[in-house]
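>>> kindly generate the corresponding structure for this input.
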Amino acid sequence: MLKNRSAPALVAGAFVLIGLIGWFAGWHLGLDSSVYRSGALAVLNGEALYGHLTATPHWAVDLPFTYPPIAAVLFAPLAVLPTQLVWAVFCAATALGVGAVLRWTTGRTPSLPLLAVAFGLEPVWRTLGYGQINVLLMALVVFDLLRPHRFSGVLIGVAAAIKLTPLIFVLHLAVTGRWKEAGRALATFCGLHALGFLLLPGDSLRYLGSAMLSGNKASGNGYITNQSLSGAVQRLTDGASWAPVLVAVLSVACVVVAAVMARRTFLRGDSVGAMLITAGCGLLVSPISWSHHWVWVVPLVAILGRTWVAAVVWVVFTTWQLFVPSGNALLDNLYVVAALAGGALWWARVRSGVDVRSGRVHYLLGR
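Sure, this is the predicted structure:
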């Protein structure tokens, strides 16, 4: 009989098997993971990282490499694998990461139904389809925050070096009074980027000069799957010239409010809740938060437990509504609206003095 603790490993093994079969059969697997591999090959072959990637498979969309140069260096081992197995590596890491995050946030081995619920969430299955790195980065952050160790903060620095958005957790460490961990995270981040500059000075200058913002049109991408404040404002204002100013104001307000909320929640004994507040803020204020970046809904659903709130969150984040723009302001910005509504409810509960020392978010939201 399948045991709960072995389920993530078996799922990971299944993805490896699929990758092997796909390799022999020539399947087209892993749009984003193929970009990671192509970036690694560009570095090893001395090619420009922020241009056309010559190793891009013929069947894949010609996507740019949008991560910092050090990320391509860290991806270098992927270069020895075929595209299908690179996809399998990221899917296996996602399966193991989901299981680990559920265990670290709930304090127990996740049940099989909970794993099924997690894999049914759109950010997770889309991450699997693309061969994305989202869950792996989330697992690094969660381990650092919830499993204190001698080098706490280092993994957050590594995650932020690979993809800039986890930098918000350095602020999280600071506002919750974990200054040593914040220092380690920032030092790791800076150290890895310095290494990237030493190894790839030209690419580093191109990244800072243009690629950091131009890769995904970060300053004005209103495509429906960009579920950030910036994306929502671009859609609602039809890309008006004053939209960036509004985005900046809303983002600053979001960071300030989230910092206060995270600190209060943390001091009341709910480290998981504080972490999720910061994660939600990071997703909202990032210029680009594709729907598959919202993997932080996995620990949220887990700690909500068997409540009607968890059911509503799960329905919202199955994302049937994000395949085609509907023209409806609510549906087209559903993740943003859900995060803002949840934050407002959380703020009201915290302000009312609800005791959250149990560390359970459903005590905040009510059964």
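
>>> show the contacting residues for A118.
A118 makes contacts with V98, L102, P110, V124, V298, V301, A302, as judged by CB atoms under 8 Å, 6 or more residues apart in numbering. All C-beta atoms are positioned from the backbone trio N, CA, C, and that covers glycine.

>>> can you pick out the most distant pair from those residues?
P110 and V124 (13.1 Å; CB to CB).

>>> the helix or strand hosting A159: how far from the chain's middle?
Taking DSSP states H and E as the definition, one finds A159 inside helix 154-162. Put simply, helix 154-162 sits 12 Å off its chain's centre (CA atoms, centre = their mean, to the nearest Å).

>>> quick one: L29 from A60, how far?
10 Å (CB to CB, to the nearest Å).

>>> same question for I21.
I21 is 19 Å from A60, by CB to CB.

>>> neighbour count winner among these two?
It is A60, of I21 and A60, that has more neighbours when counted by other CB atoms under 10 Å, with 17 against 13.

>>> from Y36, how far off is the more buried one?
A60 is 12 Å from Y36, by CB to CB.

>>> buried ones in stretch 69-83, by neighbour count?
P69, I70, A71, A72, V73, L74, F75, L78, A79, L81, P82, T83 (16 or more other CB atoms under 10 Å).

>>> first-to-last residue distance for that stretch?
20 Å (CA to CA, to the nearest Å).

>>> report the rounded mean pLDDT for that stretch.
On average, the pLDDT along stretch 69-83 is 95.

>>> what's the offset of it from the middle of its chain?
20 Å.

>>> please verify my assumption that A262 contacts T176.
Yes. Here A262 lies in contact with T176, judged by CB atoms under 8 Å, at a distance of 6.6 Å.

>>> now do the shared contacts for the two.
A274.

>>> which intervals of this structure have sub-threshold pLDDT?
Residue ranges of the chain with pLDDT under 70: 1-4, 213-220, 320-323, 350-367.

>>> same thing but 80
1-5, 210-220, 222, 306, 319-327, 347-367 (pLDDT under 80).

>>> okay, helices next: where are they in the stretch 1-150 of the chain?
Assigned by DSSP state H, counting those that start in this stretch, the helices in the stretch 1-150 of the chain fall at 7-25, 31-44, 69-74, 83-106, 112-119, 122-130, 134-146.

>>> now those helices as CSV including distance to L330?
CSV is the format used below for the helices of the stretch 1-150 of the chain (distance: least, CB to CB, whole Å):
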stretch, distance to L330
helix 7-25, 34
helix 31-44, 29
helix 69-74, 35
helix 83-106, 29
helix 112-119, 24
helix 122-130, 17
helix 134-146, 25
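
>>> what's the closest of these to D238?
helix 122-130 (25.9 Å).

>>> now the angle from that closest one to helix 112-119?
70 degrees (axes from the mean of the first three to the mean of the last three CA atoms, to 10 degrees).

>>> tilt between helix 122-130 and helix 83-106?
Using the same axes, to 10 degrees: helix 122-130 against helix 83-106 is 160 degrees.
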